[in-house]
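Trainee: Test case, fold it:
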Amino acid sequence: MITSKTSGILLHPTSLPGPFGIGDFGPAAYAFVDFLIASGQRFWQALPLGPTGYGNSPYSSYSAFAGNTLLISPQQLVHDGLLEEADLATSPNFPEERVDFEAVQLFKDDMLRRAFASFKLQSDTSMRREFIAFCKRNAVWLDDFVLYRALKEKHSGAAWIDWDSTLAYRNPDALVAQRARLEDETTAQCFFQFIFFRQWFALKKYCNDSGIKIIGDLPIFVAYDSADVWAAPDLFKLDGELKPTVVAGVPPDYFSKTGQLWGNPLYDWERMESESYAWWVRRMATTLHLFDAVRLDHFRGFVAAWEIPAGEATAERGTWVEGPGAKLFCEFERAIGELPVIAEDLGVITPEVDALRDEFGFPGMRVLQFGFDGELGNIHLPHNYPPNTVAYTGTHDNNTSVGWFESVALEEAPGEMANGESGNLDEVKNQHAFCLDYLSSDGTEIHWDFIEAVLSSAAGMAVVPLQDLLGLGTEARMNLPSTTEGNWLWRFRQEDLSEAIARRMKDLTISHGRA
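Mentor: Now for the predicted structure:
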C-alpha cells in the first residue's frame, strides 16, 4: 500500500464546522480538502461512516453497510433542488464547537423528510433513475436495513430482540406483511441512503481529482442491535433465544485496568468459512468502494478474539479464541485483489498477529504518545519505526498531544487524573521528562515537536489528528475508551484552519520528503 513517503490528517467528518450542529458533506468538507492541498497532504483519514447507535460511537453502528445520514448536507440538498433556502431557516442555533446529537437528529430527520416529500413530487427523471439504480445495486444489504430502520421506528427505537417474536425471528409471512404496511417508510429510508452515498461520492471525487486519497476505518465487530445481526443471526454466536453467548472486548491494558467490555456479538467463524466468508467479502468490497484505503480496527481479532461470557460486568474474565487468520484474507484477495489495508496492531500483539500482517504486506501502526516509557527500545519511538508503518502522533482514542503533555500540570493525586490519563503522577512526570529530552524540546510547541518527530521518521506514512495540528488541549479529545458519555462531540471552527498553519505544515512535509 505504501510506495513512497507520504502523510495525511485524521479528521472525522462530524468534526467539520458549519451551521447545522454537526459536520457534514457540504461546503466545509470541500474547504477542508482545499486545506489538505494547501498543507501539502495526500491523505484524509476518517472514522467509520455508518449510522451510529447508542453513545453516538462510529464504532457501534446500526449497519456495517449503510451510511450515517446525519452527515448529509442541507446545503447540498438545496443545490440539488430538494429543499428551499427557507427550509434551512428552521435550523436551531446549534453550539459551534460541540455536537448536540439529540437536537441534530431531530433537525436532520425533519429536513430529510422534507427532501423526500420534494423528491416524490419532482419531475426530474434522471434523479429518479439514479435512485432506482442505487436501490437495485445495493439490494443485498439495503432491503434488510431499511426494513430494520422502519420497524425500529415503529417500535419507538426498541432493539430488534424486543420486537414481536415473529419479527425478531424473521417469520417470512410477518416480514412480507410489514414490508407492505411500511412501504412508504422503507422507501424514505432508501432515499436517505441514496442521498448519503450520492453526496459522499461527489466529495470523494473532489478529493481524488485534487490528488487526495481517503482512508476509511472498518470496525472488526458490529453492534448487536444492528440490521446485520437481525438479518443473519446464524453468522453470530447467539443462543436459541437469539441472545449473545459471548461478547467482544479486550483484557486489561493501557487504557483500562479492567479491560474494555465492548459487548458486541462475536462471529461464528466456522459458519462463515462454510460460506467462503461471503458476508465479510461483501463488507470489505463495499468499504473499499467507499474509500481508497482502509484501516482495519482491532486487527488482532482476526487472529484471536477476547471472548467474554455474556453478562460479565467487566472484560477481566475472558478467553482468547482463534479467528479466521489468513483464510479470510486469502478470500479477500481472491475476490477483490490487492488490499490497500492498514492493520491496527496496537496493544499486546503476539507473533501470530505480526506474521499475519507481514504475510499480506500490511503496514502496522505506531503511536508516538505511547513511546515515552523511558525505554529506547520502545517500538513507538520514531527511531524504531520500520518503513512499512503508519506513524501517528495520537489517535481518536488518545488525548491530544498538548492535552497529554499538560496532564502533569493538573496536580492531581496518584490514580485517575482529570483528563482521563491513568497511572501514578510521578510516572507521568517521568514520561514527560523523557519526552522533552528525546525530542530536544522545551515544551512550548509540543504539538509541532510531535508532528516533526513522526514526519522525520522512516515510517512510510505519517498521520496527524487535526487537533494536534491546531495545538488543542484535552477539550478537543475525541474519545475516552471505556466511557459512554461525552465522546465524539468535538468540532473545529473554520477560522482555525489558518494559512500560517497550512504553510508551516507544508514546509515540514516538503522538508521531510513527504509532499
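Trainee: mind showing which ranges of the stretch 251-400 of the chain have poor pLDDT?
Mentor: Along the stretch 251-400 of the chain, segments meeting pLDDT under 70 span 254-255.
Trainee: pLDDT score assigned to residue 174?
Mentor: As predicted, residue 174 sits at a pLDDT of 98.
Trainee: now residue 451
Mentor: pLDDT, read off for residue 451, is 98.
Trainee: Can you give me the neighbour number for it?
Mentor: 24 (other Cβ atoms under 10 Å). Any C-beta I mention is one placed from the backbone N, CA and C, and that applies to glycine too.
Trainee: which SSE is the residue of the chain positioned farthest from its centre in?
Mentor: The C-alpha centroid of the chain is most remote from residue 123, which lies 37.3 Å away (Cα atoms, centre = their mean). Using DSSP states H and E, residue 123 sits in no helix or strand.
Trainee: separation between it and residue 52?
Mentor: Going from residue 123 to residue 52 by Cβ to Cβ, to the nearest Å gives 35 Å.
Trainee: Repeat that for residue 342.
Mentor: From residue 342 over to residue 52 (counting by Cβ to Cβ), the distance is 22 Å.
Trainee: more crowded one of those two?
Mentor: Set residue 342 next to residue 52 and count neighbours by other Cβ under 10 Å: residue 342 wins out with 27 against 21.
Trainee: helix/strand/coil for the closest residue to the more buried one other than its chain neighbours?
Mentor: Leaving out its chain neighbours, the residue that sits closest to residue 342 by Cβ to Cβ, 6 or more residues apart in numbering is residue 295, at 4.3 Å. Secondary structure assignment for residue 295 (DSSP: H, G, I helix; E, B strand; the rest coil): strand.
Trainee: residues near residue 295, how many?
Mentor: Neighbour tally, residue 295, other Cβ under 10 Å: 25.
Trainee: contacting residues for residue 321?
Mentor: Applying Cβ atoms under 8 Å, 6 or more residues apart in numbering, we find residue 321 in contact with 266, 304-305, 307.
Trainee: Top of these by number of neighbours, please.
Mentor: Greatest neighbour count in these, by other Cβ under 10 Å, goes to residue 305: 25 neighbours.
Trainee: and it, that one's in a strand?
Mentor: Yes. Counting by three-state DSSP, residue 305 is part of a strand.
Trainee: of the contacts of residue 321, closest to residue 208?
Mentor: Lowest distance from residue 208 to these (Cβ to Cβ) belongs to residue 305, with 34.6 Å.
Trainee: Run through the residues that contact the closest one.
Mentor: 248, 266, 320-321, 323.
Trainee: Out of the residues you listed, name the ones that lie in helices.
Mentor: Taking DSSP state H, every one of those sits outside helices.
Trainee: Go through those and name the one nearest residue 367.
Mentor: Nearest to residue 367 among the contacts of residue 305, counting by Cβ to Cβ, is residue 248 at 21.8 Å.
Trainee: The residue farthest from the centre of the chain and residue 81, how far apart?
Mentor: Residue 123 is 10 Å from residue 81, where distance means Cβ to Cβ.
Trainee: before we move on, what about residue 483?
Mentor: Taking Cβ to Cβ, one finds residue 483 at 43 Å from residue 81.
Trainee: before we move on, what about residue 444?
Mentor: Residue 444 is 52 Å from residue 81, where distance means Cβ to Cβ.
Trainee: The two: which has the busier surroundings?
Mentor: Neighbours of residue 444 and residue 81, each counted by other Cβ under 10 Å, are more numerous for residue 81; the result is 13 against 7.
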